[in-house]
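Student: Okay, predicted coordinates and the sequence, questions at the end:
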Amino acid sequence: MTALKPLLRDIVPSAWPERMVALGAPRYRGRQLAHWLYDRSATDWGAMHTLPRDLRERLADSHDPAGLEPTIRRVADDGTRKFLFRLRDGQTVESVIIPMENHATFCISSQVGCAMACRFCATARGGLVRGLTPGEIVEQVQHLARDLVDDPFPQHGDRGFNVVFMGMGEPLDNFDAVRTALEIFTAPEGLGLSSRRIQISTSGPPHGLPRLAELDLPVGLTISLGGADDADRRKVMPVSGKAGVAEVLDAAAEHARRHNRRVTIAWVLIRGRTDHIEQATTLAAVTRDRPFKVNLIPLNELDDDDLLASEGASVLAFQRVLTDAGVPAFIRVSGGRDIGAACGQLRRQMARPGSS
Ligand code: SAH
């Protein structure tokens, strides 16, 4: 297969003026292009009519204007909207719009598949196919933003959206693309989004968190933990578990301190595996008196596995151990179950002929 051209949104907006000069055009054409890409969300050459035709043709020799084609949009009973996008190489990724109390949250993917092999995760099943490019990450947000403009949640007014990297893939395993996407999200000549409205959710693979720290960006951070000591964590998170629990939590605490933002620790509750009281006690011991809160997420059961969600009483007992130790702990239930909105499930359903 011939290599795909870069997308226009694979490149940070501040680089365009220089590139325009290299193409023999004046610098201001770069600002014009960025305007079309990020203020006007243009996805085809024809829309960008303030750029001379011959310049558009030269750009088209080396770039594609869009890399995502929406193929499925489903709306769940609770208002959650799930999207499946086809990429230029035929791969697919999922994104979700979740109506929160005061705003919409966009849940986006960073990779096709994932290499982390977490036991409980649907995306992990087929392994990693490839990382998304920055443009493929940015276009997800722009598609969802357009959907929200066309079909707003009336109760939200115009309070905008937050972005969380909780879709398919491990963002810190596709670091360079995620870094560029973050730059495009936050640049004033990009999407102009406050980094306070962006959340990176990570299983904390080895070397991932130190690289994030180097960016010194005050994005929100969620750590998917799954085990509060090293041996326990590796049972459910074999790859990310190679980074020690202490190392991951120290990096998370440093992020919280530096950016004055509490870090969320996400803990999936699997019956008989991650819901023992002793595990809650260990989790309390490693999180207490630190700038963390814990989100407890009863497993969203997968259809190809015998892992079960923890029962209500165990969830409450687990939470109680944490709150008694002074650790803020909240129970989170996944939205959009009826449309396969959780964690890589829609893509898998689509990949299996005969399934609904
Ligand atoms: N790789 C990143 C982002 C994707 S997973 C990460 O690990 O954070 C996003 C969240 O979904 C994580 O908190 C993960 O623990 C949770 N998750 C994954 N599969 C799940 C399942 N089957 N049920 C409930 N939560 C799940």
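Tutor: Structure received.
Student: quick one: is stretch 160-175 near the ligand?
Tutor: Yes: using Cβ under 6 Å from any ligand atom, stretch 160-175 reaches the ligand at 166, 170. Where you see a C-beta, it was placed from the backbone N, CA and C, and this is true even at glycine.
Student: Compute the first-to-last residue distance for that stretch.
Tutor: End-to-end distance of stretch 160-175 (Cα to Cα, to the nearest Å): 26 Å.
Student: repeat for stretch 199-216
Tutor: 14 Å.
Student: what residues does this protein put near the ligand?
Tutor: The chain comes close to the ligand at residues 120-121, 166, 170, 201-203, 224, 266, 268, 297, 299-300, 302, 334, 342-343, as judged by Cβ under 6 Å from any ligand atom.
Student: Tell me where the stretch 151-300 of the chain has helices.
Tutor: 175-186, 208-215, 230-236, 245-259, 277-287 (DSSP state H, counting those that start in this stretch).
Student: Dump the ones you listed to CSV, plus mean neighbour count, mean pLDDT and distance to residue 131.
Tutor: Shown next, in CSV, are the helices of the stretch 151-300 of the chain (neighbours: other Cβ atoms under 10 Å; pLDDT from 0 to 100; distance: least, Cβ to Cβ, whole Å):
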stretch, mean neighbour count, mean pLDDT, distance to residue 131
helix 175-186, 21, 98, 6
helix 208-215, 17, 94, 13
helix 230-236, 17, 97, 23
helix 245-259, 18, 97, 21
helix 277-287, 19, 98, 31
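Student: Which of those sits closest to residue 293?
Tutor: helix 277-287 (8.6 Å; Cβ to Cβ).
Student: one step back: would you tell me which of the helices of the stretch 151-300 of the chain gets closest to residue 307?
Tutor: It's helix 230-236; of these, that one is closest to residue 307 (Cβ to Cβ) at 9.3 Å.
Student: what does that closest one rub up against?
Tutor: 118-120, 225-227, 240-242, 244-245, 268, 270, 273-274, 279, 282 (Cβ atoms under 8 Å, 6 or more residues apart in numbering).
Student: Among those residues, name the buried ones.
Tutor: Neighbour counting over the contacts of helix 230-236 (16 or more other Cβ atoms under 10 Å) leaves 118-120, 225-227, 240-241, 245, 268, 270, 273-274, 279, 282 as the buried ones.
Student: tell me which of these is nearest to residue 32?
Tutor: residue 240 (42.8 Å).
Student: For that closest one, give its distance to residue 306.
Tutor: For residue 240, the distance to residue 306 equals 22 Å [Cβ to Cβ, to the nearest Å].
Student: wait, what's in contact with residue 332?
Tutor: Residue 332 neighbours (Cβ under 8 Å, 6+ apart): 295-297.
Student: for residue 93, same thing?
Tutor: 68, 84-85, 87, 109, 112, 132, 136, 140, 167-168, 347.
Student: Over to residue 81?
Tutor: Here residue 81 is in contact with 73-75, 96-97, 147 (criterion: Cβ under 8 Å, 6+ apart).
Student: thinking again about what came up before, neighbour-wise, which of the contacts of residue 332 leads?
Tutor: Counting neighbours by other Cβ atoms under 10 Å, residue 296 leads these with 24 neighbours.
Student: What residues are bridge-paired with it?
Tutor: Beta-bridge partners recorded for residue 296 (DSSP bridges): residue 267, residue 331.
Student: so how far is the ligand from it?
Tutor: Between residue 296 and the ligand the computed distance is 10 Å (Cβ to the nearest ligand atom, to the nearest Å).
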